[in-house]
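S.K.: Build me a structure from this.
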Amino acid sequence: MLFKLNHVNYKFPNGIPGLNDLSFEVNEGERVAFLGANGSGKSTLLKLLDGLIFSSGGELRVFNRTLAPEAFSDPKFRGEFRQKIGFVFQDPEVQLFCPTVWDELLFGPLQLDISREEAESRARDALNLLEIPGLKDRSPYQLSGGEKKRVAIASILTPNPQVLLLDEPTNGLDPRTQKSLIMLLWKLFKAGKTIILSTNDLSILEDVADRAIVLSENHDVLADGPPDKILADRGMLLKANLIHEHHHRHGGNQHLHPHSHIPDHEHQHEK
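M.R.: Predicted coordinates:
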């Protein structure tokens, strides 16, 4: 067991609920996607798993220890946790702050007391894996959106984490870059990484996950299962606001078409 959530709740500082009564487990070696409409709590959930915020109620355990502020007062736990868990924000600019891409890739491992020689070896490997060796001496702020995303992923790979948390990783990417990123995530999964990501793009679901956890607009778990079963449940997807029904008429017939990012649309016809 990697993560275990037991009736976890989260409220924002203004008292507005962000997550309601979440209970599920994520095991090492899984590929899990959190699905949900905008505002359902996907990003909040990932931040909870990364220890950036803490639950308002219930219990969240990681590596068999309660993930709470006091856990991070233990230097050993804090170091191990930050080494084992890597987080890629939806907006890569949030986590890019060094003068050059090379400095960005070295920052993480050097903070973990990894030797400079080893850190540089890892940085070179990450540049090659992400196919961005030409960006080594560039400023992150002068890169395209897709390049920034690749650098952000490379920067969390250099500490060699066990678990990758990615918030809307394909958001804003062109089709070629999106395909390349999906292939990279597959390689990382096959190399033994646990992949946990959020998305509301149903067209990529079966390519990036073996399990989907759907969050409702009430911020609770609406469904949990394999992607094919999730995508086949049109009623649930409508309830989650991940697809919508578009009404129009042909002659005397009214047609209901579920619209979504699912590649193979099914059509319902009503008289």
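S.K.: list the helices and strands the longest helix seen in the chain packs on?
M.R.: Criterion DSSP state H: the longest helix present in the chain is helix 175-190. Here helix 175-190 touches helix 145-157, strand 163-167, strand 194-199, helix 205-208, going by 3 or more C-beta pairs under 8 Å, 6 or more residues apart in numbering; DSSP states H and E. (Each C-beta comes from the backbone N, C-alpha and C, glycine too.)
S.K.: Now that helix: buried residues?
M.R.: Of the residues in helix 175-190, Thr177, Gln178, Ser180, Leu181, Leu184, Leu185, Leu188, Phe189 count as buried by neighbour count, 16 or more other C-beta atoms under 10 Å.
S.K.: same thing with stretch 25-34?
M.R.: Those would be Val26, Glu30, Arg31, Val32, Ala33, Phe34, for stretch 25-34 by 16+ other C-beta under 10 Å.
S.K.: hmm, back to that, model confidence over the longest helix of the chain, on average?
M.R.: The average pLDDT for helix 175-190 rounds to 91.
S.K.: Next, the angle from that helix to strand 194-199.
M.R.: Calculated by axes from the mean of the first three to the mean of the last three C-alpha atoms, to 10 degrees, helix 175-190 forms an angle of 150 degrees with strand 194-199.
S.K.: which outside residues touch helix 175-190?
M.R.: Contact with helix 175-190 is made by 31, 129-131, 146, 149-150, 153, 157, 164, 166, 169-170, 173, 195, 197, 204, 207-208, as judged by C-beta atoms under 8 Å, 6 or more residues apart in numbering.
S.K.: Excluding covalently adjacent residues, which one is nearest to the residue nearest in space to the middle of the chain?
M.R.: Central residue of the chain (C-alpha atoms, centre = their mean): Leu197, 2.2 Å from the mean position. If the residues on either side of it in the chain are set aside, Leu197 comes closest to Leu166, at 4.1 Å by C-beta to C-beta, 6 or more residues apart in numbering.
S.K.: if I look at the one you found, how far off is Ala119?
M.R.: The span separating Leu166 from Ala119 equals 23 Å under the rule C-beta to C-beta, to the nearest Å.
S.K.: okay, those two: which has more neighbours?
M.R.: Leu166 (25 against 21; other C-beta atoms under 10 Å).
S.K.: show me the contacts for the more buried one.
M.R.: Contacts of Leu166 (C-beta under 8 Å, 6+ apart): Leu46, Phe87, Val88, Ile153, Leu185, Ile195, Ile196, Leu197, Ser198.
S.K.: Show me how to select, in PyMOL, the buried members of those.
M.R.: Selection of buried members from the contacts of Leu166 for PyMOL, criterion 16+ other C-beta under 10 Å:
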select buried, resi 46+87+88+153+185+195+196+197+198
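S.K.: Of the contacts of Leu166, which is the nearest to Arg124?
M.R.: Distances from Arg124 to the contacts of Leu166, taken as C-beta to C-beta, are shortest for Ile153 (15.4 Å).
S.K.: contacting residues around that closest one?
M.R.: Going by C-beta under 8 Å, 6+ apart, the list of residues near Ile153 reads Val88, Leu130, Leu166, Pro169, Leu181, Leu184.
S.K.: Disregarding flanking residues, what is the spatial nearest neighbour of the fourth one?
M.R.: Translated: Pro169. Per C-beta to C-beta, 6+ apart, closest to Pro169 is Leu197, 5.6 Å.
S.K.: so that neighbour touches Phe34, yeah?
M.R.: Yes. When contacts are counted by C-beta atoms under 8 Å, Leu197 is listed as touching Phe34 (7.2 Å).
S.K.: Any stretches of this structure with poor pLDDT?
M.R.: Along the chain, the parts satisfying pLDDT under 70 run over 245-271.
S.K.: where along it do the strands fall?
M.R.: 3-11, 17-26, 31-35, 57-62, 65-66, 85-88, 163-167, 194-199, 211-215, 221-225, 244-250, 253-259, 268-270 (DSSP state E).
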